[in-house]
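Q: generate coordinates for the sequence data below:
(one chain, ligands or ions: 2)
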Amino acid sequence: MATLINRTLVLVCALWCGALLTAVPAAAHSGLRAAADEAGATLSRVSRSLRGASGAAAPPAPKYVYTWAGAKDPSLGGKDSLFVISLEDKEFGKVVGVVPTPYAGMEPHHCTLSLDRRTLGCGGLFAALAGTPGVLFFNVSGNPRAPTLIDPATVPQPRFGAFADEFIATPDGGFLVTLMGSPTGGSPGRIARYDAARKLVAEYPDPARFADATTLPGFNPHGMGVSWNHKVALSVDYLEPASTLNGQVVTKRSTLRLWNTSDWSAIAETIDGSGAEGHINGPMDAVAIGDTGTFLFGGGNGYIYYLDGRGAAPHAPKLVWDLLGGAMDRTSYGCILYSFRSGTRLLASAFVRNMVQLLDTTDPLKPKLLDTLQLPKGAGGHVVRLSADETTGAVATYFLDEGSVGQVHFEGDLTVRLFKLNAKATKIITKKPAKSVVDFKTRMGAQGAFRPHGVAFY
Ligand SMILES: *[C@@H]1O[C@H](CO)[C@@H](O)[C@H](O)[C@H]1NC(C)=O
Ligand SMILES: *[C@@H]1O[C@H](CO)[C@@H](O)[C@H](O)[C@H]1NC(C)=O
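A: Ligands and ions are numbered 1, 2, ... in the order given. Alright, predicted model coming up:
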């Protein structure tokens, strides 16, 4: 494994280290021309009960979509950068800011806004290969239109895990971060916890007790949902990162992990999903259904499963939905899920079908298809997120392209697509298609195409 990583480092460095030394170019602001007429659907902002905020202060209307993207060819001078897309009527769909990091090649992955709306957590999937920090934070508390990178030297990096995937906002203003692999891309990975001051609190499970692949076999967490009221969390193991590099056999996982949020030092229960209906194989994402102690997750096989995490072990997943509509070919690169706060709706992306489905999950054991955002053939469709008020959505179409060093080549069409929902969240609306597609192939001009993976609403 170490040799493999060293070889990869040499390759990656051959590709990227030169780019690291070039100066950060000024962010270009020529890009998208956005006409000044009104954007998208006009939505009733009255129907709040569905969106789970009755009694509480209404969540703020969305202003920006942050997009975390890396340069496809860093030799053209592009850096891993945070893009700010405006949702204001007069500039809907326009990139109004680009904040470059000093890095290239970290493979910008997921990003999430903290619950106190002060900090954006951003991960670099291949930071360990590129020799950059894997966990970065942007300060959005001063001017959300112009975030600033918080000095990476002040951000302690995880020691036991790497290959950062999902950021889950915690009630204290911090984050849990799933780290899919060990620092060399093997197993086990970890789950890191940061507090609101961006200090690394711990890595879970306790590395002193669960040090290696013998005491913690197959732990490669990707997606995670948390029910804070019920003190239960579900993380799902996707695959071993280094196994995706050339010459390796891709090692997918099928284990699900339940956690007791009162004590993260050990995994409460490990569930082997390989024998479940449809055979769970490479589950990528998991979400909590409201705050009910129940979860939905993708099985890596085109199916969506339900898991009730309440009560005593053992817990068993139940197949509840087929994203691929009964197809014999179960090829799926995994799906990303977004569960509405109320738990009665789910968005599920399917890269292989270039689409996002909107499901009614009022009965999570019997989801019903409400609508489909169908993208052009070859577009892909991956990270899908909604604004805090759940009126507006964004889907980034780039999955991952490992280039000459690896076996994963799912680039999609390098866009972020904006959409709205009707008041009852039964329909997906894209009234101004031209302004709803932000094209990262052309936005940065001479720096070439960028690869948008993470999206987060402000
Ligand atoms: C974030 O920006 C605000 C406004 O500029 C500033 O007051 C605050 O100190 C910054 N926080 C961090 C952690 O840099
Ligand atoms: C979770 O952990 C706490 C503290 O150790 C314990 O009191 C509680 O019983 C645990 N919950 C479950 C469901 O095991």
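
Q: which parts of the stretch 101-250 of the chain sit against ligand 1?
A: Counting by C-beta under 6 Å from any ligand atom, the stretch 101-250 of the chain comes close to ligand 1 at 139, 141-142, 150. (C-beta placed from N, C-alpha, C; glycine too.)

Q: state the pair within those residues that is farthest apart.
A: 142 and 150 (11.5 Å; C-beta to C-beta).

Q: looking at these two, which is more packed in?
A: residue 150 (15 against 10; other C-beta atoms under 10 Å).

Q: wait, that one touches residue 198, no?
A: Yes - with contacts counted by C-beta atoms under 8 Å, residue 150 reaches residue 198, the gap being 6.6 Å.

Q: give the residues shared as contacts by the two.
A: 119, 137 (C-beta atoms under 8 Å, 6 or more residues apart in numbering).

Q: and residue 407, how many neighbours?
A: 13.

Q: ligand 1 versus that one, what's the distance?
A: Distance, residue 407 to ligand 1, using C-beta to the nearest ligand atom, to the nearest Å: 39 Å.

Q: so what does the nearest residue to that residue once chain neighbours are set aside have for phi and psi?
A: What sits nearest to residue 407 in space, not counting adjacent residues and going by C-beta to C-beta, 6 or more residues apart in numbering, is residue 244, at 5.5 Å. Phi and psi for residue 244, reported as degrees, to the nearest 10, are phi -90, psi -10.

Q: so residue 244 makes contact with residue 220?
A: No - using C-beta under 8 Å, residue 244 is not in contact with residue 220; the gap is 11.2 Å.

Q: contacting residues for residue 373?
A: With C-beta under 8 Å, 6+ apart, residue 373 has these contacts: 355-358, 381, 395, 417, 419, 428, 430.

Q: wait, is it part of a strand?
A: Yes - assigned with DSSP: H, G, I helix; E, B strand; the rest coil, residue 373 falls within a strand.

Q: can you tell me the element the closest residue to it other than its chain neighbours falls in?
A: The shortest distance from residue 373 to any residue other than its chain neighbours is 4.2 Å, reached at residue 356 (C-beta to C-beta, 6+ apart). Per DSSP states H and E, residue 356 falls inside strand 355-360.

Q: for ligand 2, what are the nearby residues on the protein?
A: 231, 260, 262-263.

Q: quick one: which of the residues you listed is nearest residue 439?
A: Closest to residue 439, out of all of these and judged by C-beta to C-beta, is residue 231, at 43.6 Å.

Q: so who does the closest residue to the closest one other than its chain neighbours touch?
A: Among residues not flanking residue 231 along the chain, residue 261 sits closest, at 4.6 Å (C-beta to C-beta, 6+ apart). By C-beta under 8 Å, 6+ apart, the residues touching residue 261 are 226, 228, 231-233.

Q: would you mind giving the residues of the chain next to ligand 2 as a markdown table with neighbour count added?
A: Converted to a markdown table, the residues of the chain next to ligand 2 look like this (neighbours: other C-beta atoms under 10 Å):
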| residue | neighbour count |
| --- | --- |
| 231 | 16 |
| 260 | 15 |
| 262 | 8 |
| 263 | 12 |
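
Q: and of those, the nearest to residue 389?
A: residue 231 (27.5 Å).

Q: so what's the closest one up against?
A: Residue 231 sits in contact with 260-262, where contact means C-beta under 8 Å, 6+ apart.

Q: and for residue 351?
A: Applying C-beta under 8 Å, 6+ apart, the residues near residue 351 are 332-335, 380-382, 399, 410, 412.

Q: how much space is there between the nearest residue to residue 237 once chain neighbours are set aside and ligand 1?
A: Among residues not flanking residue 237 along the chain, residue 253 sits closest, at 3.5 Å (C-beta to C-beta, 6+ apart). With distances taken as C-beta to the nearest ligand atom, residue 253 is found 36 Å from ligand 1.

Q: is it true that residue 253 touches residue 217?
A: No - the pair residue 253 and residue 217 does not pass the contact test of C-beta under 8 Å, sitting 9.6 Å apart.

Q: what about those two, which has more around it?
A: residue 253 (26 against 14).

Q: pLDDT score assigned to that one?
A: For residue 253, the pLDDT comes out at 98.

Q: the residue nearest to the spatial centre of the chain: what's it in contact with?
A: By C-alpha atoms, centre = their mean, the chain has its centre lying nearest to residue 110, at 3.9 Å. Residues near residue 110 by C-beta under 8 Å, 6+ apart: 68, 122-123, 164-167, 383, 453-454.

Q: surely it is within a helix?
A: No - Residue 110: not assigned to a helix; according to three-state DSSP it is strand.

Q: tell me how far it lies from residue 383.
A: Distance of residue 110 to residue 383, given as C-beta to C-beta, to the nearest Å: 7 Å.

Q: common neighbours of these two, please.
A: 453-454.

Q: what ranges do the helices span in this protein?
A: Remark: helices assigned in the chain by DSSP state H are 2-21, 127-130, 433-436.

Q: now pLDDT and neighbour count too, for the contacts of residue 351, in a markdown table please.
A: Formatted as a markdown table, the contacts of residue 351 follow (pLDDT from 0 to 100; neighbours: other C-beta atoms under 10 Å):
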| residue | pLDDT | neighbour count |
| --- | --- | --- |
| 332 | 93 | 22 |
| 333 | 86 | 17 |
| 334 | 87 | 27 |
| 335 | 95 | 30 |
| 380 | 97 | 25 |
| 381 | 97 | 29 |
| 382 | 98 | 25 |
| 399 | 97 | 22 |
| 410 | 97 | 16 |
| 412 | 97 | 23 |
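
Q: dump these into TSV; add distance to residue 88 as well.
A: What follows is these, written out as TSV (distance: C-beta to C-beta, whole Å):
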residue	distance to residue 88
332	37
333	34
334	34
335	31
380	27
381	25
382	26
399	29
410	32
412	27
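
Q: that older thread, tell me the gap between the strand holding residue 356 and the middle of its chain.
A: Its chain's C-alpha centre lies 17 Å from the corresponding centre of strand 355-360 when counted by C-alpha atoms, centre = their mean, to the nearest Å.

Q: now do that strand, average pLDDT.
A: Computed over strand 355-360, the average pLDDT equals 98.

Q: hmm, residue 360 is touching residue 366, no?
A: No - applying C-beta under 8 Å as the test, residue 360 and residue 366 come out as separate, 9.1 Å apart.

Q: comparing those two, which shows the higher neighbour count?
A: Per other C-beta under 10 Å, whichever of residue 360 and residue 366 has more neighbours is residue 360, with 17 against 11.

Q: gap between that one and residue 425?
A: 9 Å.

Q: quickly list what's touching both of these two.
A: 345, 370.

Q: one step back: tell me the one of the contacts of residue 110 nearest ligand 2?
A: For the contacts of residue 110, the closest approach to ligand 2 (C-beta to the nearest ligand atom) belongs to residue 166, at 22.7 Å.
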